[in-house]
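> What follows is a protein structure lacking sequence information:
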């Protein structure tokens, strides 16, 4: 019988692919288009249901999602929550910029809005590639019908 700790330590790679894909704002159809002609939305959905993913496919998906394969393999929700909660431990500045624990603070070196715009542009480019791929499929089908 599995204990609770066994279940919480078990990483579900497919679910993690889904989490990263959703965080990047990428639809299953777009991921399928990036993976190649052998892929469909349904196949991506089945991939996301797998507990363990073949290494070569995991590397491909990770590259498309712009994360490392290790990030997908090692991501677990409890660790992420624990990490996020460290932002409330007093080591970051309060409203007037003073640091509660006196260790100092370095300003963020990027603009979050710039990062958001970059992600939107990447998403737009991905959608355009998906559209082009679909148009090519339509043309191929038209040629086969003639």
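On my side now, so go ahead. Since this is a predicted model, take the numbers as computed values, not measurements. Numbers count the residues shown, from 1 in each chain.

> so how far is residue 68 from the spatially most central residue of the chain?
Taking C-alpha atoms, centre = their mean, the centroid of the chain lies closest to residue 20, which sits 1.8 Å from it. Distance, residue 20 to residue 68, using C-beta to C-beta, to the nearest Å: 11 Å. For glycine as for every other residue, the C-beta is placed from the backbone atoms N, C-alpha and C.

> Residue 41 too?
Distance, residue 41 to residue 68, by C-beta to C-beta: 25 Å.

> Residue 76 now?
Relative to residue 68, and taking C-beta to C-beta, residue 76 is found at 15 Å.

> which residues does residue 18 contact?
With C-beta atoms under 8 Å, 6 or more residues apart in numbering as the criterion, the residues that contact residue 18 are residue 48.

> gap between it and residue 75?
11 Å.

> just to revisit the earlier point, between residue 76 and residue 68, which one's more packed in?
Taking other C-beta atoms under 10 Å, residue 76 and residue 68 do not tie; residue 76 has more neighbours (16 against 12).

> my guess is that one contacts residue 19, does it?
No - assessed by C-beta atoms under 8 Å, residue 76 is found out of contact with residue 19, at 10.3 Å.

> Without its sequence neighbours, what residue ends up closest to the residue nearest to the centre of the chain?
Once flanking residues are discounted, residue 20 sits nearest to residue 65: 4.9 Å by C-beta to C-beta, 6 or more residues apart in numbering.

> didn't the one you found look like it was pressed against residue 26?
Yes - between residue 65 and residue 26 there is a contact at 7.1 Å, judged by C-beta under 8 Å.

> What ranges does this structure have for its helices?
Assigned helices in the chain, in chain order: 4-9, 13-23, 28-35, 41-49, 55-65, 69-74, 77-85, 112-145 (criterion: DSSP state H).

> and among those helices, the most buried is which?
Highest mean neighbour count of the helices of the chain: helix 28-35, a mean of 20 (counted as mean count of other C-beta atoms under 10 Å).
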